[in-house]
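Student: Quick one, structure for this:
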Amino acid sequence: MALSGLDIYKVLPKTNCRDCGYPTCLAFAMQLAKKAVSLDKCPHLTQEAKQKLETAALPPIRLVKIGAGEKALEVGNETVMFRHEEKFHHPCGIGFILEDSLSDTELEKNINLLKSLKFERIGQVLSPDLVAISQTKSDKERFLNILKKVRESLGFNLVLMSDKEDALKEALEATKGTRPLIYAANSANYKMMADLAKSFGLPLAALADNLDDLAALVKNLNDLGVEDIILDSGTKPLTKKLADLTQIRRLSLKKNFRLLGYPTITQVLEKDPFKETINAGILLAKYSSIILLNGLTAWQALSIFTLRQNIYSDPQKPLQVEPKVYPIGKVSNASPVLVTTNFSLTYYTVLSEVESSKIGSYLISVDTEGMSVLTAWAAEKFTADKIVEAINKNNIGSLVSHKKIIIPGYVAVMSGDLEDKSGCEVIVGPREAAGIPSFLKKL
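Tutor: Numbers count the residues shown, from 1 in each chain. Down below sits the predicted model:
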């Protein structure tokens with residue numbers, strides 16, 4: 001929890017020496033509270049005071065990085081309990097578990113399926129973030145061979161799930177530079193796990209069945225020099241797991257309880273794929289930072305990815321595309337011109353249907369501040385004047401030889417006004433985007 005200016009002032013020397021560049025220690029404290037100046041500007045600050053202020057300045061939930069390069073997953077560093085208060089900053093990582101008990105045929109099938117789990121939705125590519133390799137047998141070579149196969153075939157971040165020191169050491173040697181998550185330290189093996197995490201500079205999952213034991217385990221890991229930790233309160237019924245995750249979040253944000261101020265990880269192990277997907281969605285919303293699933297189907301993945309995309313968007317800033325004219329397919333000066341808003345979901349839905357029509361077209365995205373058609377029309381952001389402005393700004397007359405524009409059927413009421421102001425023939429299109437292909441083919 002960030003300190004106020006007065007809280008900071010109590011820790012300062014109170015000499016008003018001006019060595020920091022400010023007339024008084026209180027003025028310096030106020031600037032520190034606003035993060036407008038750094039602590040090192042005060043040369044008289046004691047080490048104890050400096051440590052206290054630095055600790056207070058840390059985020060309530062530590063940011064932990066898994067993986068390396070552009071696809072690295074960052075989790076944690078959240079600042080609010082509820083999305084409407086601000087937004088959730090680091091999307092929950094979604095991963096799938098591959099056990100060493102899989103046959104070669106099953107392994108190959110699952111790897112190929114993981115490769116195919118890539119979906120494009122409103123301009124964003126949705127895909128898994130992690131693959132977890134779980135050692136369930138004492139056969140070290142099988143575990144390492146699966147790891148090698150996964151690394152050769154997939155580019156996802158890794159979770160290494162094993163309690164065998166020799167297997168983990170060899171796996172960590174083989175994955176140097178990729179920053180996998182080690183899973184998991186518990187009360188029995190935490191010294192060994194901490195040693196591996198420190199030696200390789202990697203994040204470590206801490207596993208305990210209740211929050212008191214989990215906090216004690218984190219304290220032990222901290223004392224051994226491990227800072228990048230992911231919390232797991234164990235496998236339990238959904239209601240109890242949800243209570244654990246909520247309590248961890250609340251204690252971190254509201255009470256600044258550092259021992260639980262870390263991201264969380266959850267395994268969803270339901271055999272029923274529908275129940276597994278529902279539970280994953282609930283835990284994604286509150287408040288798992290990473291979710292690992294056993295089920296591996298395209299419909300499950302798409303459902304969870306879509307929910308994550310919605311939850312981790314900014315509720316105060318609608319997703320929107322750049323307002324301009326977009327050529328779709330092979331266009332000519334006779335191509336139809338359609339008009340829509342710059343709300344991402346609307347734009348990409350219309351785009352998809354125009355593409356499926358196989359008719360080269362121009363699509364004008366009007367700046368409606370990210371509102372959908374009816375919402376923008378009701379808010380007077382999608383009006384005849386706005387559309388005329390977009391037509392002129394994008395110089396549509398230089399792209400096509402005709403003077404016809406197609407507007408959404410839901411705003412047919414503006415067609416007369418738009419014709420008067422634009423000088424164009426206004427054609428009222430279908431209400432629903434699904435009707436666009438047949439509509440364009442009949443023009």
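Student: OK, contacts around the nearest residue to residue 232 once chain neighbours are set aside?
Tutor: Spatial nearest neighbour of residue 232, chain neighbours left out: residue 207 (4.6 Å); criterion: CB to CB, 6 or more residues apart in numbering. C-betas here are computed from N, CA, C, even on glycine. Applying CB atoms under 8 Å, 6 or more residues apart in numbering, we find residue 207 in contact with 183, 184, 185, 186, 214, 217, 232, 234.
Student: Compute the number of surrounding residues for the third one.
Tutor: Taking other CB atoms under 10 Å as the criterion, the count of residues near residue 185 is 28.
Student: That one and residue 73: what is the separation?
Tutor: For residue 185, the distance to residue 73 equals 20 Å [CB to CB, to the nearest Å].
Student: rewinding a little: measure the residue nearest to residue 232 to residue 234 for me?
Tutor: The gap separating residue 207 from residue 234 is 6 Å, by CB to CB.
Student: circling back: with pLDDT added, can I get the contacts of residue 207 in TSV?
Tutor: Shown next, in TSV, are these (pLDDT from 0 to 100):
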residue	pLDDT
183	97
184	94
185	97
186	97
214	98
217	98
232	98
234	95
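Student: Which one (most neighbours) among those?
Tutor: Of the contacts of residue 207, with other CB under 10 Å as the count, residue 185 tops at 28 neighbours.
Student: Run through the bridge partners of it.
Tutor: For residue 185, the beta-bridge assignment (DSSP bridges) gives partners residue 206.
Student: That one against residue 194, yeah?
Tutor: Yes: using CB atoms under 8 Å, residue 185 is in contact with residue 194, at 6.6 Å.
Student: tell me, what's touching these two both at once?
Tutor: 204, 221.
Student: Skip the chain neighbours and tell me the closest residue to residue 11.
Tutor: Residue 11's closest residue in space is residue 49 (CB to CB, 6+ apart), at 4.5 Å.
Student: residue nearest the centroid of this structure?
Tutor: By CA atoms, centre = their mean, the mean C-alpha position of the chain lies nearest to residue 91, the distance being 2.1 Å.
Student: Now it: closest residue in space, sequence neighbours ignored.
Tutor: residue 312 (4.2 Å).
Student: go on, residue 319?
Tutor: Sequence neighbours aside, residue 344 is the residue nearest to residue 319 in space, at 3.9 Å (criterion: CB to CB, 6+ apart).
Student: With residue 166 instead?
Tutor: Nearest to residue 166 is residue 140, by CB to CB, 6+ apart, at 6.3 Å.
Student: before we move on, back to that, quick one, what contacts the residue nearest to residue 91?
Tutor: 87, 88, 91, 92.
Student: thought residue 355 was touching residue 328?
Tutor: Yes: with contact defined as CB under 8 Å, residue 355 reaches residue 328; the gap is 6.0 Å.
Student: Among these two, which residue is more densely surrounded?
Tutor: Set side by side, residue 355 and residue 328 show more neighbours around residue 328, with 19 against 14, by other CB under 10 Å.
Student: if I pick residue 32, what's in contact with it?
Tutor: 5, 8, 39, 53.
Student: so where does it fall, helix or strand?
Tutor: Element membership for residue 32, per DSSP states H and E: helix 25-33.
Student: and that helix, what's its mean pLDDT?
Tutor: Averaging pLDDT along helix 25-33 yields 86.
Student: what's the spacing between the spatially closest residue to residue 22 that is not a sequence neighbour and residue 143?
Tutor: In space, and not counting its chain neighbours, residue 22 is closest to residue 28: 4.3 Å by CB to CB, 6+ apart. Between residue 28 and residue 143 the distance is 56 Å, computed by CB to CB.
Student: go on, residue 4?
Tutor: Using CB to CB, we find residue 4 at a distance of 51 Å from residue 143.
Student: Please say which of those two ends up with more neighbours.
Tutor: Neighbour count, other CB under 10 Å: between residue 4 and residue 143, residue 143 has more, with 25 against 12.
Student: helices or strands up against the lowest-mean-pLDDT helix or strand in the chain?
Tutor: For the chain, counting by mean pLDDT, DSSP states H and E, helix 47-57 ranks last in confidence among helices and strands (a mean of 75). Applying 3 or more CB pairs under 8 Å, 6 or more residues apart in numbering; DSSP states H and E, we find helix 47-57 packed against helix 5-11.
Student: at 10 Å what do you get?
Tutor: helix 5-11, helix 25-33 (3 or more CB pairs under 10 Å, 6 or more residues apart in numbering; DSSP states H and E).
Student: and residue 74, helix, strand or coil?
Tutor: Classification of residue 74 using DSSP: H, G, I helix; E, B strand; the rest coil returns strand.
Student: can you give me the strands for the stretch 101-250 of the chain?
Tutor: Using DSSP state E, counting those that start in this stretch, the strands of the stretch 101-250 of the chain run over 119-121, 124-126, 130-134, 157-161, 181-185, 204-207, 229-232.
Student: Indicate which one of the ones you listed is closest to residue 265.
Tutor: The closest of the strands of the stretch 101-250 of the chain to residue 265 is strand 229-232. By CB to CB, the value is 4.8 Å.
Student: Pull out the CA atoms of the closest one and give them to me as CSV.
Tutor: Extracted as CSV, the C-alpha positions of strand 229-232 are listed here (Å, rounded to 0.1, in the frame of the first residue of the first chain):
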residue,chain,number,x,y,z
ILE,A,229,7.0,-16.8,-6.5
ILE,A,230,3.6,-18.0,-7.8
LEU,A,231,1.1,-19.1,-5.2
ASP,A,232,-1.0,-22.3,-5.3
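Student: Distance from it to the middle of the chain?
Tutor: 18 Å (CA atoms, centre = their mean, to the nearest Å).
Student: Which neighbouring elements make contact with that strand?
Tutor: Judged by 3+ CB pairs under 10 Å, 6+ apart, the packing partners of strand 229-232 are strand 64-66, strand 181-185, strand 204-207, helix 211-223, helix 238-254, strand 265-268, strand 290-293.
Student: pLDDT weak spots in the chain?
Tutor: Scanning the chain for pLDDT under 70 picks out 1-3, 55-57, 316, 318.
Student: quick one: contacts for residue 19?
Tutor: By CB atoms under 10 Å, 6 or more residues apart in numbering, the residues touching residue 19 are 13, 28, 41, 42, 43, 44.
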